[in-house]
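Student: Below are the sequence and a predicted model; questions follow.
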Amino acid sequence: RLANDHLLSQLGENRKLQEALREQVTRDPLTLLFNRRYLDETLERELARAVREGYPVTVMMLDIDYFKRLNDTYGHLAGDEMLKATARTLEGKARLEDIICRFGGEEFAAVLPKMSLETASIRAEAWRAGIAENVVHFGSFQLQTTISIGVATFPGDGKTRDELIDAADHALYRAKENGRNRIEFATAISAL
């Protein structure tokens with residue numbers, strides 16, 4: 001009996017360690033958002049579910065404008081604070097079923113199941129405006145930034161994970177080329 005109790009205790013500890021390891025593998029340690037690996041796995045599942053149940057999935061790519069300039073001017077710790085503040089704003093204006101990820105560097109991605117392009121445009125604007133209003137206190141400095149956003153929706157803008165991310169990414173680059181602090185859509189919003 002003692003050996004069984006000991007074995008059960010070890011199994012419980014192993015489960016906790018496995019869960020902690022899974023968190024480390026799927027979470028960004030700075031922002032505590034999910035990471036790109038998690039995005040890749042989850043978006044595949046969400047698209048399969050969307051095909052079965054017949055609903056849209058919107059993907060947004062979001063990039064902090066002039067982030068390199070912020071890092072070069074105030075240092076990487078200031079950049080880290082801006083990344084964390086951006087993550088909090090994105091999560092604070094997200095639904096429970098939304099998946100917000102740090103894609104890499106100063107780029108974020110959002111997977112929004114059951115969200116039409118029209119509704120996504122409202123969400124994107126809320127995120128854009130919310131981040132523009134954020135003030136990050138760093139020492140004696142008050143830092144602000146903006147974001148550019150690219151939006152793509154399944155199935156019209158892509159039917160696979162890679163097609164959707166690519167479509168949202170191309171829209172993001174258009175947002176940057178057209179002046180930053182703006183939203184661009186893979187599908188012309190007027191076509192809706």
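Tutor: Perfect, I can see it now. Residues are numbered from 1 along each chain as shown.
Student: Where does pLDDT dip in this structure?
Tutor: For the chain, the stretches flagged by pLDDT under 70 are 17, 20-24, 188-192.
Student: Looking at it, which helix is longest?
Tutor: helix 2-26 (DSSP state H).
Student: list the helices and strands it packs on?
Tutor: Counting contacts by 3 or more C-beta pairs under 8 Å, 6 or more residues apart in numbering; DSSP states H and E, helix 2-26 is packed against helix 36-53. Bear in mind the C-beta positions are built from the backbone N, C-alpha and C, glycine included.
Student: Quick check: next helix or strand after the helix it packs on?
Tutor: Going down the chain from helix 36-53, the next helix or strand is strand 57-64, by DSSP states H and E.
Student: now the longest helix of the chain against helix 36-53, angle please.
Tutor: 90 degrees (axes from the mean of the first three to the mean of the last three C-alpha atoms, to 10 degrees).
Student: Bridging across strands, which residues link to the closest residue in space to Ile165 that isn't next to it in sequence?
Tutor: Residue nearest to Ile165 in three dimensions, not counting chain neighbours: Val59, with 6.2 Å by C-beta to C-beta, 6 or more residues apart in numbering. With DSSP bridges as the criterion, Val59 is bridged to Val111, Ala152.
Student: pretty sure Val59 is in contact with Ile149, am I right?
Tutor: No: between Val59 and Ile149 there is no contact under C-beta atoms under 8 Å: 10.9 Å.
Student: which outside residues touch the longest helix of the chain?
Tutor: Contact with helix 2-26 is made by Phe34, Asn35, Arg37, Tyr38, as judged by C-beta atoms under 8 Å, 6 or more residues apart in numbering.
Student: looking at this, Ile137 is in a strand?
Tutor: Careful, residue 137 is His and not Ile. Yes: the assignment for His137 by DSSP: H, G, I helix; E, B strand; the rest coil puts it in a strand.
Student: and the gap between the residue nearest to it when sequence neighbours are not counted and Tyr74?
Tutor: Leaving aside its chain neighbours, His137 sits nearest to Leu143 (7.8 Å; criterion: C-beta to C-beta, 6+ apart). As judged by C-beta to C-beta, to the nearest Å, Leu143 and Tyr74 stand 7 Å apart.
Student: about what we covered before: buried set for the longest helix of the chain?
Tutor: By neighbour count with 16 or more other C-beta atoms under 10 Å, helix 2-26 contains the buried residues Thr26.
Student: How about stretch 39-46?
Tutor: For stretch 39-46, by 16+ other C-beta under 10 Å, it's Leu39, Thr42, Leu43, Glu46.
Student: try stretch 79-88
Tutor: In stretch 79-88, counting by 16+ other C-beta under 10 Å, buried: Gly79, Glu81, Met82, Leu83, Ala85, Thr86, Ala87.
Student: any idea how far it is from the chain center?
Tutor: Relative to its chain's centre, stretch 79-88 lies at 12 Å (C-alpha atoms, centre = their mean, to the nearest Å).
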